[in-house]
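Engineer: build me a model:
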Amino acid sequence: MKLKTVTLGCKVNQYETEYLREGLLGIGYEDAAAEQPAELCVVNTCTVTSEGDSKSRQVIRRLARENPASKIVVMGCYATRAPDEVAALPNVTEVLTDKRELPDLLGRFGVTDVPTGISGFGRRHRAYVKVQDGCLLRCSFCIIPHVRPQLTSRPAAHILDEVRRLVDNGYREVVLTGIHLGHYGVDGNRNLPKSKWTRLSHLVAAIARLPGDFRIRLSSIEATEVTRELIAVMRDHGDKVCPHLHISMQSGSDSVLRRMRRRWGSRRFVDRCALFSESLERPAITTDIIVGFPGETDQEFSETCDAAKEVGFSKIHIFPFSARRGTPAADFPGQLPKKIKQERSRALGVVEEELQSRYFSSLSGARLQVLVESALPDQPGLAIGTSCRYAPVVVPNDGQALGAFVMVTAGQVSARRINAVC
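Structural biologist: Now for the predicted structure:
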């Protein structure tokens, strides 16, 4: 039986697809080559934006055309939000609306030894490890709490076993991810005294104590969850935990943050980033920023740029506001025209490029651990990888295996990359 999987959206979706794929391969399914028809197709959908819904439908219809005899199983956030709409698409035989039912789905396909985790991550050199699901926040622009509302943390023992398998199978970086990563353990803490609470910092420390040549990276986290305890774990286990956090800012304007229904003001965000920067040696901070939120004025946009400069982000993911049906922000007054959102995206892009260049240049002369990921076809003898500080680094390609660590000295910056000096 041939299998095809398609994933749209976030790291959590990518992990969940791999979990399902691995379970099916274990009972005899095989990955179909690009030109081969498949008997079973799995689509993991995204609904963060209306474009995500549209892309999900396009993928399902394309798979039905190219694999006319296939059964298509659809899961993911779009499937949860609009199951009837998804079920009406061609060849769709099952719609999974709750990811907690993935083990049951594998059981229906005949998997008797349902796995508690994964042991590989395709052809990637880093593996995502889902540790948590669900979000209780109600940011005015986000649909995800409506489709993943239940907080669920995986047992630490399952996570540790999974990391051991991945490391044994050659993965040198594990990226801890979740829908609300900083709420790892919260669901199990409700009836316990505070002294017995499990936190993300405890999990990171436990993983860092595992033997093996690997490193840990944390995916997106909220500023209030960058605790002194987490920072201390990152500092004390600097040989294993990457000095990098992706801390989602969304806006640097207090008035916009209130309309977004975020939990803190810009000053608190900047101060927490400063605490992190002062506690580790030249750590990287990356972020997400939405531009053109309803009612955003020139002054509010300027405040966002100023806050970004004060933090000194090494990378900014810039998102022009996209009204998401079903969220409060979609009905807010003051919806801005596309032209203004494009102009502000470009202006913030200039700021981002300046900040990135400044941060990369600050690493000159530093020793960096680089995970080598691919050869540069247009530059023989060179390869590119990702440093512990999340900077792309060009390194000599002297035949070392892809997926290996190399230690290099950071040199000049060009084309948004650091050139190694060896």
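Engineer: helices of the stretch 151-300 of the chain, start to end?
Structural biologist: Counting by DSSP state H, counting those that start in this stretch, the stretch 151-300 of the chain has helices at residues 156-168, 186-189, 200-208, 228-236, 254-260, 266-279, 298-311.
Engineer: now the angle from the third one to helix 156-168?
Structural biologist: What separates the directions of helix 200-208 and helix 156-168 is an angle of 40 degrees, with axes from the mean of the first three to the mean of the last three CA atoms, to 10 degrees.
Engineer: what is helix 200-208 packed up against?
Structural biologist: helix 156-168, strand 173-178, strand 215-218, helix 228-236 (3 or more CB pairs under 8 Å, 6 or more residues apart in numbering; DSSP states H and E). Quick note: C-beta positions are derived from backbone N, CA and C, even for glycine.
Engineer: just the ones you listed: most buried one?
Structural biologist: Mean neighbour count (mean count of other CB atoms under 10 Å) peaks for strand 173-178 among those, with a mean of 23.
Engineer: got the angle for that strand vs helix 200-208?
Structural biologist: Using the same axes, to 10 degrees: strand 173-178 against helix 200-208 is 150 degrees.
Engineer: what's the mean pLDDT across strand 173-178?
Structural biologist: The average pLDDT for strand 173-178 rounds to 98.
Engineer: give me the below-cutoff pLDDT ranges for the stretch 51-200 of the chain.
Structural biologist: Scanning the stretch 51-200 of the chain for pLDDT under 70 picks out the ranges 189, 191, 194-196.
Engineer: for the helices and strands packed on helix 200-208, give me JSON lines that also has distance to Arg367.
Structural biologist: Formatted as JSON lines, those follow (distance: least, CB to CB, whole Å):
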{"stretch": "helix 156-168", "distance to Arg367": "23"}
{"stretch": "strand 173-178", "distance to Arg367": "18"}
{"stretch": "strand 215-218", "distance to Arg367": "14"}
{"stretch": "helix 228-236", "distance to Arg367": "17"}
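Engineer: which one of these lies closest to Thr97?
Structural biologist: strand 173-178 (19.4 Å; CB to CB).
Engineer: partners of that closest one, with directions?
Structural biologist: strand 126-133 (parallel), strand 215-218 (parallel) (DSSP bridges).
Engineer: for that strand, output the C-alpha coordinates as CSV.
Structural biologist: These are the backbone C-alpha positions of strand 173-178, laid out as CSV (Å, rounded to 0.1, in the frame of the first residue of the first chain):
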residue,chain,number,x,y,z
GLU,A,173,19.1,19.0,17.1
VAL,A,174,15.7,18.5,18.7
VAL,A,175,13.3,21.4,18.6
LEU,A,176,10.7,21.4,21.5
THR,A,177,7.4,22.7,20.2
GLY,A,178,3.8,23.1,21.2
